[in-house]
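Novice: quick one: sequence and predicted model below, then my questions.
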Amino acid sequence: MTFIMLRTGLSIKYLSREWLVENIGQDGRAYITQPESQIEMVISASEQEAAYAAGQLSVISSEEKSHQLRANSSDLLGLSEKDAAAYQRQKDYLRMVEKRVGSRRTKALAKTIALVASYLDDPHPPTVSTYYRWARAHHHAASFGYLALPAPTKRGNRTDRICDAVQAVIVEFLERYYIDQQKMSIRNTWLLIVAHISTLNETLPDGKKHPLPGYKAVRSVLKSQFEDYVVCKGRLGSRAAHMRFRLAGKNPDPDYPMQRVELDHTLGNVFALDHELLALLGRPNCSVGIDAYSGMPVGFQFGYEPPSLQSLFSLMRNIILPKTYVKIRWPEISQEWECHGEPEFVVPDRGAEFVSQKFGDVCSAFGITIDLSGAKRPYQKGGVERFWGTLSEDFFHRLPGTTFSNSTRRGDYNSAQKACLAFEDIERLLHRWLIEVYANQPRHPDDNRTRRELWNEGQAKRPKIPLRPITDYGVFMSGRANPKLNGRGIRVHNEFYTSRNLELLRKANEDVKVSVRYDPADMGMVQAFDKVNEEWFIVDNVDPKRRGRSLYQLQLERRALRGEGTQAERALPGALHKLKFQQELDRTVKVAKQKVRKPSTKRPKINARAERIGIEAYSLSNSPRAENSLPTVKSKDSLRSLDIDLSEFKDET
């Protein structure tokens, strides 16, 4: 196994160029920079290993760095016609003189050089010292794997025709105004330079005034002092410079299926309708995992759950588990979707859900390594990016209600009005296209083997990993709830779930709260925790149609059933009728109170006296002996004057 260890400050040769290692990340990524052009690049640990094994990455020793020559073999293609002829002339002299020379003496060598010059028809043959210099340079270059190419930068007049002061002004103004995101033109920058030098000359004596530089002189300084990458980065930004000067190359080829799976999200280019309400639901979201070995889609998530941790967990569960739901939901699909299993490496972008701690914990639990692609570098997961283009062109753009890839291609096509397919129909057609069309197409134009054939051929090389019980995949369920168990089961987000195990739990305890975890991307089932046996068990939705429906989709359906407007606006018609009824009730009560005679003011005093005496006095008034036993009031002014005969109740009390 090849191995290389890089450290900060080390000089390396990568892709036939010299780089300086600026930093080493915790995941082994190397951040390298070219010393002259300041071009930046990031090499992952896997890329370092592959490049070192292929001989494209090596450490520059101190001796090699001190004797490094002017060019390497890859620069032959970039030579001008004149430089290529000069290099070929040196090689011809060295080859032909070496064959004909009989003695190493100067006179004999000079005669041989003259003979070769006459054969090559060269009017200016090299001297003996020049020949020895060529031979020494080529021999030294061959020992380090280089070519001793001529140095065109060291020919002719080597003096700069622009004085240092003017050149410093030109460089300063180019950095300040031209290499800036305001994107001032080179001509306007030149005019500012001329005006500044003219103003500066006013303070100088006549003999020391600076010459005004021409337009071509400023362009010459720009080309000689600044690299194209630096200029593009300063004017357009780092991303534009990287995209313009990048070298995408080719990702390392995996050895068997499920070794490297590329993940990504996107928005589907079609409008879908609700199956029952025929209401416009909008554009669904798509999440997919593409196997880098065979190109087969190993997992797919299609729904209205936005790109989030929930949709990502649903995609990972779809990748790992067998696709048995296809035959159950759509028996008309003849072929099987045989892709399943735990991948070794997943290659996502740097979305919030992919760099979250929860996704890292789930991948760690299943032994999956996350290999994040570079920021804004989609070509590092080119398989899944190419899949989106094929999906749009070959599937979405053929459906009524498609949005096409942009407004230019859409033209006058009204996507919302043309939409006529329900979400369930699009989901069924999409699975059929994936399994029966896309999987049976050749991956490469030069290879007639289909993606399914590549997948089946690579299964023999793939390590055998046994599947876990289905309840172990509850780690992908990010939703948590503690509903109360009653006679209807448990209720989670207005959805009811029941099972035989829940009935046993309720018999043990009538009122109990159950710990539940669920997947917001599939509300057809949840998992409840049994505290007695300390295990999770599956609880199905009472409505089988909820299988495969996401929480977001169900909320949209409920919103469509409720209608438009706020809660107060929807309740307003019923509230108006209730208000009219209440007003009528208040008027009726008011009229009834006016007809009733007001009670005497003496009555409360008698009632108060009766309460002090006891309930017997009150019951006496309703007894058959009430006429003979009523209390006699001797005085109307004081309650003390009340004389009540209670002799009849002494025996009873």
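Specialist: Nice, I can see it.
Novice: going forward, measure contacts between C-alpha atoms and count neighbours the same way
Specialist: Fine.
Novice: any chance you could list what contacts stretch 561-568?
Specialist: R570 (Cα atoms under 8 Å, 6 or more residues apart in numbering).
Novice: ends of it, what's the gap?
Specialist: Stretch 561-568 stretches 16 Å from its first residue to its last (Cα to Cα, to the nearest Å).
Novice: equivalent analysis for stretch 529-543, please.
Specialist: Using Cα to Cα, one end of stretch 529-543 lies 21 Å from the other.
Novice: one more: stretch 229-243?
Specialist: Taking Cα to Cα as the measure, stretch 229-243 stretches 11 Å from start to finish.
Novice: next one: stretch 512-525
Specialist: 20 Å.
Novice: and I538, how many neighbours does it have?
Specialist: By other Cα atoms under 10 Å, 21 other residues sit near I538.
Novice: quick one: it and A528 touch, right?
Specialist: Yes - the criterion here is Cα atoms under 8 Å, and I538 meets it with A528 at 6.5 Å.
Novice: need the overlap of contacts for the two.
Specialist: With Cα under 8 Å, 6+ apart, I538 and A528 have no common neighbours.
Novice: what pLDDT does the residue nearest the centre of the chain get?
Specialist: Central residue of the chain (Cα atoms, centre = their mean): G351, 3.0 Å from the mean position. At G351, the pLDDT value in this model is 90.
Novice: where does it fall, secondary structure wise?
Specialist: Per DSSP states H and E, G351 falls between elements, in no helix or strand.
Novice: residues contacting the residue nearest to L309 when sequence neighbours are not counted?
Specialist: Leaving out its chain neighbours, the residue that sits closest to L309 by Cα to Cα, 6 or more residues apart in numbering is E353, at 5.1 Å. E353 sits next to P307, S308, L309, L312, F359 when contact means Cα under 8 Å, 6+ apart.
Novice: helix or strand: which one has E353?
Specialist: Per DSSP H and E, E353 falls between elements, in no helix or strand.
Novice: for it, give me the backbone phi and psi.
Specialist: Backbone torsions of E353, given as degrees, to the nearest 10, read phi -70, psi -30.
Novice: separation between it and R480?
Specialist: For E353, the distance to R480 - Cα to Cα - is 18 Å.
Novice: same question, R239
Specialist: According to Cα to Cα, R239 stands 40 Å off from R480.
Novice: quick one: Y177 is in a helix?
Specialist: Yes - counting by DSSP: H, G, I helix; E, B strand; the rest coil, Y177 is located in a helix.
Novice: give me the distance between it and F226.
Specialist: Per Cα to Cα, Y177 is found 14 Å from F226.
Novice: mind saving the C-alpha coords of stretch 354-369 as CSV?
Specialist: C-alpha atoms of stretch 354-369 as CSV (Å, rounded to 0.1, in the frame of the first residue of the first chain):
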residue,chain,number,x,y,z
PHE,A,354,-24.2,17.1,5.4
VAL,A,355,-21.8,18.8,7.9
SER,A,356,-24.2,18.4,10.9
GLN,A,357,-23.1,16.4,14.0
LYS,A,358,-26.2,14.2,13.8
PHE,A,359,-25.3,13.0,10.3
GLY,A,360,-21.8,12.3,11.4
ASP,A,361,-23.1,10.3,14.4
VAL,A,362,-25.3,8.2,12.1
CYS,A,363,-22.5,7.5,9.7
SER,A,364,-20.2,6.6,12.5
ALA,A,365,-22.8,4.1,13.9
PHE,A,366,-22.9,2.3,10.5
GLY,A,367,-19.2,2.5,9.8
ILE,A,368,-19.6,5.0,6.9
THR,A,369,-16.9,7.5,6.1
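Novice: for that stretch, which outside residues touch it?
Specialist: Identification of contacts with stretch 354-369 by Cα under 8 Å, 6+ apart yields L309, F313, E342, P343, E344, F345, V346, P348, E353, I370, V475, F476.
Novice: buried stuff in it?
Specialist: F354, K358, F359, V362, C363, I368 (16 or more other Cα atoms under 10 Å).
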